[in-house]
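**Student:** any chance you can model this:
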Amino acid sequence: MSTKTVGPVRSAGILQQNRVFLDFFWDLAKPDQEVRLKAIEDLIQYLKANNKANELEYTFKRLVDGLAHSREAARPGFSLALGQVLNAFEDVTLQSTLNRIKQKHNLQTVKKNLIRNALFGNFFGVLALQQSGRLSKEPQVVLGCVQLLQSLSQHRQHLRDLPNKTMVDILNEISEEVFEEVLLSALQADLAAAFRTPEQLQLLLVALQRFPQTLKPQKLKKLLGSSTIINTDNIPKLTQMLNTAAQSSKKDHVLPAVALDLLKLSLKEGSFQLFWNHAIVKGMLKEQQGPAHYLCFRLLGSSLPYLSIAQLKEVLRGEVMKHYGEHVVSAQKPDRFKLAPEMEVYVSDFLQGCQDPDKQLAVMVSFSSLTNQGYPVVPSVWRVVQHLQPVALQQYVAWLKKMFLQPQQDELLDISTHKQKGNQEGKQQFVFFHAFFTTKKPSADIPETNNKLSVPLDDGTRGVLINSFFGLLLSMHHMPLAEEVGEGASVNSKRVLGVTADGTMWIYHLVQYAQVLLKQPKHVECSQPFSPEQRQAWDSMLESVANLKKKAKKESTAENSAFQQLFLLVGMHLFKAPEELLDIMKDLQSCVDKAQEKKAKKKKKQTAAQQEEEPEWVEVMVDILLSLLSQPSRHIRQVCKTVFSSICPNVTPAALNAILDVLDPEKDDEENSAVVITDDTKSLKKEDEDDEEMEVRFYGHLSTFAVNVVSTNHICDRPG
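**Tutor:** Numbering: from 1, shown residues only. Below you'll find the model as predicted:
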């Protein structure tokens, strides 16, 4: 392609010749976008109509000079004009224009006080070449532009991530052949340093999308040391990149492109679960509320078109959805940033572009199931419904009717704000205090002491209050474990109970509060004061729980959680029946000691005889569970059931025998029985209906335990 060459042009001559021609360049520098676009259109029409070489040469000179204009608002106008002129006059090569740009804005020769202008001059010059629409036709110019952008990317204090973003745009325009033959060698270092900045990672992700035949797993292995981007080793790096991208784009209120590209890649590589659960849920959501959380919410909305029905149900009942609900509820104040309007756009766009009624229904049901203490989080009149397919609309209406007539609480994803959670804990503390303590003197550290009862509680009223407290505690045991929801547990799957949103047991918070009260004898008094032996048992329980929590940080196990639950439960019941529970507390402590001894002995060689002599920790646990089940407490039974379900995989034949012995009506070996039940007539008749119901429940729990053990461990024959 030839290049028009013209001799030196005298600006004064052109100035005298045509004032209208020069006015175009003045208009290009004006801040009004409409004026700029009109000036570009008129300039091109003028140049084509007059067809004068000196005017075309002058045009290129003025436009290249304007790329580094002292007024920042003027530079984009000159860049756009240069790109459009290059598009209109294809006989002017891009290479000659690139040379002119590099010569005019040479970073080596420019004065120090003009270095920033020169940087932008080079950048807007490359941008003009890209906007010409001709870049893909001249591979060597592509290489020159990329190399220039690479040198500009070192000046982040001025250009930020603009050079890298432009390189990404260039990759989206060229063919795989040009990339492989011309650019791959030049971009080798940038691609290998993909985890250095979000922009470099984005460059690699776009290259993977556009040129999969060139960047095969073997090539990735050479570049990064692994054949995949999303793997366990890279999760911390990816989380860091996402967090950096979130902070960089917080003023723009947009989802960084690198986040959505990573999600698409995870679907392609088959690593979506790993990416979502570890990089997003366990990574970004662990950051402070703000840009990191907003990135998660925007990614949730943007991901809807790319996920399968199973994946949609998983993420829309997960931890990101819960945090989004908390954000919506907490952002009601006028001065708070609200992301709900953005989410409505995401859902509306998805429903409008989705032709699958099952996916539409899954999304609508999931968002409608997001509630705050039973109240829907999304608007009751949601405009996105207009985009539903007729079949999906009918099914959605049927679901709404069903939920109205027969509410299914377990199908809802109910959330509470931090303030609401604090109110729940405050209610528990209030009931606990008045059930077991009385005020001696007000204390600023104990709000409940600031208001005394006008009439002291009698024993009967206190008994009712104590039962109400354990009923309240029982209700808290029905709250789902936050981590389970985060992992996408199905609606009908078994859930661990009694845990707050941060993974701490509700009962543990109350135990801490009880300890505060016990340390304030000058201000409060326990209705049934602990004896020295009982107080020692309480302190021993606290110490054991603290040790178990330390071990849980290193490795969380079913054994650890089971012992924590039982320690805390028995500790709380010390306030209700200290004499009865004291022996159980000692047995529980013995159980923990035996379990620790067993672990220590595993490190040493043991003979078969030694192994037979030492009982498994789970056998001792089963004995304690059976003993606890004999107590007249629904709360104890619920916790025992929960604990037992967590240790079912560990139950040994001997432990199962202990359960079956209690269930066997012909067994009458009271010495070996974990629970002694006196029945002189052997007919299970009781004088009191409550006792009869209690016994039926007792045997029902044992039967359930036995079935769970058999199904979990595949034990078909009773040993022995």
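**Student:** Ala49: how many residues sit nearby?
**Tutor:** Other residues near Ala49 come to 8 when the count uses other CB atoms under 10 Å. Glycine gets a C-beta too; all of them are placed from N, C-alpha and C.
**Student:** what sits against it?
**Tutor:** Applying CB atoms under 8 Å, 6 or more residues apart in numbering to Ala49 gives no contacts.
**Student:** element containing it, please.
**Tutor:** helix 33-50 (DSSP states H and E).
**Student:** and what of Lys586?
**Tutor:** helix 578-602.
**Student:** circling back to that earlier point, and the helix holding Ala49, how far from the chain's centre?
**Tutor:** Distance, stretch centre to chain centre, for helix 33-50: 51 Å (CA atoms, centre = their mean, to the nearest Å).
**Student:** now the strands: where do they sit in the chain?
**Tutor:** Under the criterion DSSP state E, strands of the chain are mapped to 370-372, 375-376, 413-415, 437-439, 524-526.
**Student:** give the pairing partners of the shortest one; include direction for each.
**Tutor:** As defined by DSSP bridges, the strand partners of strand 375-376 come to strand 370-372 (antiparallel).
**Student:** off-centre distance for the strand it pairs with?
**Tutor:** Relative to the chain's own centre, strand 370-372 is displaced by 18 Å; criterion: CA atoms, centre = their mean.
**Student:** show residues contacting that strand.
**Tutor:** 321, 324-325, 329, 376-378, 412-417, 420.
**Student:** circling back to that earlier point, export the helix holding Ala49 as PDB, just CAs?
**Tutor:** Taking C-alpha atoms only, helix 33-50 is exported to PDB below (Å, rounded to 0.1, in the frame of the first residue of the first chain):
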ATOM      1  CA  GLN A  33     -19.300  15.600  22.500                       C
ATOM      2  CA  GLU A  34     -21.900  16.500  19.900                       C
ATOM      3  CA  VAL A  35     -19.700  19.400  18.600                       C
ATOM      4  CA  ARG A  36     -16.800  17.000  18.300                       C
ATOM      5  CA  LEU A  37     -18.700  14.400  16.300                       C
ATOM      6  CA  LYS A  38     -20.000  17.100  14.000                       C
ATOM      7  CA  ALA A  39     -16.500  18.500  13.500                       C
ATOM      8  CA  ILE A  40     -15.100  15.000  12.600                       C
ATOM      9  CA  GLU A  41     -17.900  14.300  10.100                       C
ATOM     10  CA  ASP A  42     -17.500  17.800   8.500                       C
ATOM     11  CA  LEU A  43     -13.700  17.400   8.400                       C
ATOM     12  CA  ILE A  44     -13.800  14.100   6.500                       C
ATOM     13  CA  GLN A  45     -16.400  15.400   4.100                       C
ATOM     14  CA  TYR A  46     -14.200  18.500   3.500                       C
ATOM     15  CA  LEU A  47     -11.000  16.500   2.900                       C
ATOM     16  CA  LYS A  48     -12.800  14.100   0.400                       C
ATOM     17  CA  ALA A  49     -14.400  17.000  -1.400                       C
ATOM     18  CA  ASN A  50     -11.300  19.100  -1.800                       C
END
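**Student:** list the buried residues of that helix.
**Tutor:** 36-37, 39-40, 43-44, 46-47 (16 or more other CB atoms under 10 Å).
**Student:** same check, this time on stretch 364-384
**Tutor:** Applying a neighbour-count criterion of 16+ other CB under 10 Å, one finds 364-372, 377-378, 384 buried in stretch 364-384.
**Student:** for it, measure first residue to last.
**Tutor:** 9 Å (CA to CA, to the nearest Å).
**Student:** for Leu63, see how far away Ala39 is.
**Tutor:** Distance of Ala39 to Leu63, computed by CB to CB, to the nearest Å: 11 Å.
**Student:** anything in contact with each of these two?
**Tutor:** 25, 28, 81.
**Student:** out of those, who's the most crowded?
**Tutor:** With neighbours set by other CB under 10 Å, the maximum within the shared contacts of Ala39 and Leu63 is found at Ala81, which has 28 neighbours.
**Student:** measure it to Leu162 for me?
**Tutor:** Distance, Ala81 to Leu162, using CB to CB: 19 Å.
**Student:** let's have the contacts of strand 370-372 in JSON lines, adding distance to Asn122 and pLDDT.
**Tutor:** Formatted as JSON lines, those follow (distance: CB to CB, whole Å; pLDDT from 0 to 100):
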{"residue": "Met321", "distance to Asn122": "45", "pLDDT": "95"}
{"residue": "Tyr324", "distance to Asn122": "42", "pLDDT": "95"}
{"residue": "Gly325", "distance to Asn122": "47", "pLDDT": "92"}
{"residue": "Val329", "distance to Asn122": "49", "pLDDT": "88"}
{"residue": "Pro376", "distance to Asn122": "54", "pLDDT": "90"}
{"residue": "Val377", "distance to Asn122": "49", "pLDDT": "91"}
{"residue": "Val378", "distance to Asn122": "49", "pLDDT": "90"}
{"residue": "Leu412", "distance to Asn122": "57", "pLDDT": "87"}
{"residue": "Leu413", "distance to Asn122": "52", "pLDDT": "87"}
{"residue": "Asp414", "distance to Asn122": "56", "pLDDT": "81"}
{"residue": "Ile415", "distance to Asn122": "51", "pLDDT": "80"}
{"residue": "Ser416", "distance to Asn122": "54", "pLDDT": "72"}
{"residue": "Thr417", "distance to Asn122": "50", "pLDDT": "68"}
{"residue": "Gln420", "distance to Asn122": "55", "pLDDT": "63"}
